[in-house]
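Chemist: How does the following fold in three dimensions:
(2 chains)
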Amino acid sequence: MDTALIESVVSIAIRAGTSVMFAALGGILTERSGVLNLGVEGMMLAGALAGFAGTYYSGSLLVGLLLAIIIGALFALLHAFWCVTLAGNQVASGLALVILGTGLADFLGQRIGPGGTPLVGMVSVSFPRTPLPLLSSIPVIGPAVFNQDALTYLLYLLIPLAWFYLFRTQAGIHLRAVGENPRAADALGVNVAAVRYGHTIVGGALIALGGAHLSLAYTPGWSADISGGRGWIAIAMIIFSMWNPLRAVVGAILFGGVTAIQFRMQVAGSSIPTYFLNMLPYVVTIVALVLVNQRRSLAGHSGIPSALGTAYHRE
Amino acid sequence: MSCPVNRLQIMKLTLERKRSRSSAATLIALLLSVLAALIAGGALLLIVGANPLQAYGEMFRGAFGDDFALTQTLLKATPLLFTGLSVTLALRSGFWNIGAEGQLLMGAFAATGIALFWTDSLPTFLVIPAVIIAGFVGGALWGLLSAALKVWLGVNEIVTTLMLNYIAIEWIEFLYFSAWRNPRGFGFPGTAEFPREAWLPPLSGRLHIGFAIALIACVLVWLLLARTKWGYELRVMGASLPAARYSGIRLIRNMLLVVMISGGIAGLAGMSEVAGISHRLQNGLAVGYGYTGLIVAFLARLNPLSAIVSAIFLAGLTVGSEQLQLTMNLPASFALILQGTILLLVVAGEVLTHYRIRLLLPQRRQASWTQPSSNQ
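Modeler: As a prediction, the model looks like this:
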């Protein structure tokens, strides 16, 4: 393969993987606290709409991102209230958020354009690719990795930060303790409910940013099917990563890589019908989960937070 | 742990777990959930400048107002009954089937295959049974994939059933846009129309026997779960997989079988849509019946008979919202908003009917210093 091809595939892979990685990162933070969030797809859609609408009306990408963060946090707050305070069924609450988020995004997307018209087809500012000085001139890696948009660069910072937070700080230890054994964490004086609320909300904001990356950078504009199941792929990535942000990068690049290859094959006029190429990310996700599970059963643990999906009652 | 805020508190609400709950309380909680969702939806309508009372009036007329509307609602309830039942049966046995959508599509695919290519070579009286069985088998095998991945490879079924939905969507698009596209369809994306013999016969008017099959399936699943030994095993599995393992239940065999049946029932939804309504495989089949099935199941509290009521209600919401789009130009996704809100509130109601809300009144001053450190 010539270097130009590698550059282009890696570049597209990162670009396509960004939204999934944001969502996976948000999901990992949430689930490390023991709260299962299946609402990712709905929260991404809500974030995508909020980001686009905010930017469209203010002309400022920052306002759009802020609105996406707020909407994502609100959805997550709702989920946390249901899962932590009410101790309701977390799977059902997450699925309800998917349906609610999908419905709200579609409904409002058709109503909040200028004068009550649809937002579909409207154009606003979007994140351009900004080559980083010096770094982007490194051969091969430079054009592929350091010629991306600002949100992807933000992700480059957030991933190691999240890893450091989870595994090298006191707060990270508390977080993991709450996800593994809330009773023990409580006995040590950790406020279980506060930790769960906090991380679910921060996680929701990150998930919504993933959605905003779609509508403000990857495929600028709004359409109701903009996320196309990426929220669910993010959930698969979380399991695949064994709740570790660094391993999730592998999953996101894999997903992005499949998208990139699919794109290249279409450009090259491959004889395989596009429908089969479109199946690839989902097939690869299933295969990846199977492989990880095989390795995991050899290693004897899956990395799943032991208290995931269960409410904590202080008796 | 005591903190200064506690002392300022005048009274406190606590939740206490109750041993059992009355079915009246459950019913009231469900009705309140639906009512609260309608109020929340009304608030949204106000925000976008529509009159909620007029909108709900339109929805009701569109869904239940006359014979035409009622038929439309029952037609819409048919796939929802199948998918709701599919989710119910799997979940009662401990399997989260989020893949009814994909199983529906694969059922439609198999039924279409039989209707298009086998009708001529089968005796006429066998065509309809063959189409129905094909629909069941198509969904069952698609469901079996996820079940096999779960029981043998330990892969989470929520993710696999969902991924398989997206794969199924691409597959049937391939069929009606490309492989099976009607050559004489004037560019219309769909297969050729099924031969007459493969159309599901009418029940009354436009309502086809798919609706009757769905009702029968509800009763059969209810009988299975409530009245048979195997159903009892399934319910033990649903309550606790480890408990089922210790009591010697054959988990793997049961799980594979029950998910196949669950997938098969979802497949019947796809079969009844193509053989009962469109009479061809075409665009517009993957509209979320599988996901709405989850709400049907939850609203019915996983009872196969109650699912009949909740499916008709949710079908009414959908048909009513389509009416809303026509008459008031409001997006039909309003139905999704109501459905999501209802599901959330039903989950909350589930919790609250399990608990008694108790009001703790402040202790009198004297009492509080005679028991100084009993602050909770």
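Chemist: How about the lengthiest helix in chain A and chain B, touching?
Modeler: Longest helix of chain A, by residue count under DSSP state H: helix A:3-32. No - on the criterion C-beta under 8 Å from any C-beta of the partner chain, helix A:3-32 is out of touch with chain B, staying 12.0 Å away. Any C-beta I mention is one placed from the backbone N, CA and C, and that applies to glycine too.
Chemist: from the middle of its chain, how far away would that helix be?
Modeler: Centroid separation for helix A:3-32 versus its chain: 9 Å, with C-alpha atoms, centre = their mean, to the nearest Å.
Chemist: So which bits of it are buried?
Modeler: A:7-32 (16 or more other C-beta atoms under 10 Å in any protein chain shown).
Chemist: Quick check: what element follows the helix or strand A:V202 falls within along the chain?
Modeler: Using DSSP states H and E, A:V202 maps to helix A:192-213. Going down the chain from helix A:192-213, the next helix or strand is helix A:230-240, by DSSP H and E.
Chemist: Could you check the angle the very next helix or strand once past that following helix makes with helix A:230-240?
Modeler: Once the chain leaves helix A:230-240, the next helix or strand it forms, by DSSP H and E, is helix A:245-267. Angle, helix A:245-267 to helix A:230-240, by axes from the mean of the first three to the mean of the last three C-alpha atoms, to 10 degrees: 130 degrees.
Chemist: who touches helix A:245-267?
Modeler: A:5, A:8-18, A:20-21, A:24-25, A:28, A:159-160, A:162-163, A:166, A:233, A:236-238, A:240-241, A:272, A:274, A:277-278, A:280-281, A:284-285, A:288 (C-beta atoms under 8 Å, 6 or more residues apart in numbering or on different chains).
Chemist: if you set the cut-off to 7 Å instead, what comes out?
Modeler: Residues from elsewhere that reach helix A:245-267, judged by C-beta atoms under 7 Å, 6 or more residues apart in numbering or on different chains: A:9, A:12-14, A:16-17, A:20-21, A:24-25, A:28, A:159, A:162-163, A:166, A:233, A:237-238, A:240-241, A:272, A:274, A:277, A:280-281, A:284, A:288.
Chemist: Which stretches in the stretch 251-376 of chain B count as helices?
Modeler: B:251-273, B:289-299, B:306-328, B:334-352, B:365-370 (DSSP state H, counting those that start in this stretch).
Chemist: For these, give me a markdown table that also has distance to A:N181 and mean pLDDT.
Modeler: As requested, the helices of the stretch 251-376 of chain B are exported to a markdown table (distance: least, C-beta to C-beta, whole Å; pLDDT from 0 to 100):
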| stretch | distance to A:N181 | mean pLDDT |
| --- | --- | --- |
| helix B:251-273 | 27 | 97 |
| helix B:289-299 | 30 | 92 |
| helix B:306-328 | 38 | 94 |
| helix B:334-352 | 23 | 90 |
| helix B:365-370 | 34 | 36 |
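Chemist: So which residues on chain B come close to chain A?
Modeler: Residues of chain B lying close to chain A (C-beta under 7 Å from any C-beta of the partner chain) are B:48, B:96, B:149, B:153-156, B:158-160, B:162-163, B:166-167, B:170-171, B:173-174, B:178, B:291, B:294, B:298, B:331, B:333-334, B:336-337, B:339-341, B:343-344, B:347-348, B:350-351.
Chemist: hmm, 6 Å instead?
Modeler: Contacts of chain B with chain A, taken as C-beta under 6 Å from any C-beta of the partner chain, map to B:48, B:153-156, B:159-160, B:162-163, B:166-167, B:170, B:173-174, B:294, B:331, B:333-334, B:336-337, B:339-340, B:343-344, B:347-348, B:351.
Chemist: What subset of these is buried?
Modeler: Among the residues of chain B next to chain A, those classed as buried by 16+ other C-beta under 10 Å are B:155-156, B:159-160, B:162-163, B:166-167, B:170, B:173-174, B:294, B:331, B:333-334, B:336-337, B:339-340, B:343-344, B:347-348, B:351.
Chemist: which regions of chain A sit below the pLDDT cut-off?
Modeler: For chain A, the stretches flagged by pLDDT under 70 are A:1, A:296-302, A:315.
Chemist: 80 instead, please
Modeler: Within chain A, the segments meeting pLDDT under 80 span A:1-2, A:266, A:269-272, A:293-304, A:314-315.
Chemist: what number of residues lie near the closest residue to chain B within the stretch 201-315 of chain A?
Modeler: Per C-beta to the nearest C-beta, A:Y275 is where the stretch 201-315 of chain A lies closest to chain B, at 3.7 Å. Counted with other C-beta atoms under 10 Å in any protein chain shown, residues neighbouring A:Y275 total 18.
Chemist: Kindly report the same for A:A194.
Modeler: Look at A:A194: counted by other C-beta under 10 Å, it has 13 neighbours.
Chemist: How about B:P183?
Modeler: 5.
Chemist: now swap in A:P128 and tell me
Modeler: With neighbours defined by other C-beta under 10 Å, the count for A:P128 comes to 8.
Chemist: With A:P114 instead?
Modeler: Neighbourhood size, A:P114 [other C-beta under 10 Å]: 10.
Chemist: quick one: it and chain B, what's the gap?
Modeler: 14 Å (C-beta to the nearest C-beta, to the nearest Å).
Chemist: One more: A:Y57?
Modeler: Computed as C-beta to the nearest C-beta, the A:Y57 to chain B distance reads 16 Å.
Chemist: in which helix or strand would I find that residue?
Modeler: Per DSSP H and E: helix A:40-58 holds A:Y57.
Chemist: helices and strands around that helix, which ones?
Modeler: The contact analysis (3 or more C-beta pairs under 6 Å, 6 or more residues apart in numbering or on different chains; DSSP states H and E) places helix A:40-58 against helix A:3-32, helix A:61-80, helix A:90-109, helix A:192-213, helix A:230-240.
Chemist: Need the residue closest to the centroid of chain A.
Modeler: A:A23 (1.0 Å; C-alpha atoms, centre = their mean).
Chemist: same check, this time on chain B
Modeler: Nearest to chain B centroid, counting by C-alpha atoms, centre = their mean: B:G293, 1.1 Å.
Chemist: OK, contacts around that residue?
Modeler: Applying C-beta atoms under 6 Å, 6 or more residues apart in numbering or on different chains to B:G293 gives the contacts B:83-84, B:87, B:100.
Chemist: Check which helix or strand the closest residue in space to it that isn't next to it in sequence maps to.
Modeler: Among residues not flanking B:G293 along the chain, B:T83 sits closest, at 2.8 Å (C-beta to C-beta, 6 or more residues apart in numbering or on different chains). Counting by DSSP H and E, the element that carries B:T83 is helix B:67-92.
Chemist: by contact count, what packs against that helix?
Modeler: Applying 3+ C-beta pairs under 6 Å, 6+ apart, one finds that helix B:67-92 contacts helix B:52-64, helix B:100-117, helix B:209-227, helix B:251-273, helix B:289-299, helix B:306-328.
Chemist: Apply 8 Å and report the result again.
Modeler: With contacts taken as 3 or more C-beta pairs under 8 Å, 6 or more residues apart in numbering or on different chains; DSSP states H and E, helix B:67-92 sits against helix B:52-64, helix B:100-117, strand B:207-208, helix B:209-227, helix B:229-239, helix B:251-273, helix B:289-299, helix B:306-328.
Chemist: re the thing from before, out of the contacts of B:G293, give me the one that has the most neighbours.
Modeler: Top of the contacts of B:G293 by neighbour number is B:A100, holding 38 neighbours under the definition other C-beta under 10 Å.
Chemist: Switch the helices of the stretch 251-376 of chain B over to JSON lines; also include distance to B:L225.
Modeler: Formatted as JSON lines, those follow (distance: least, C-beta to C-beta, whole Å):
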{"stretch": "helix B:251-273", "distance to B:L225": "10"}
{"stretch": "helix B:289-299", "distance to B:L225": "13"}
{"stretch": "helix B:306-328", "distance to B:L225": "12"}
{"stretch": "helix B:334-352", "distance to B:L225": "19"}
{"stretch": "helix B:365-370", "distance to B:L225": "52"}
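Chemist: Which parts of the helix holding A:Y57 count as buried, going by neighbours?
Modeler: Buried residues in helix A:40-58, counted by 16+ other C-beta under 10 Å: A:40-57.
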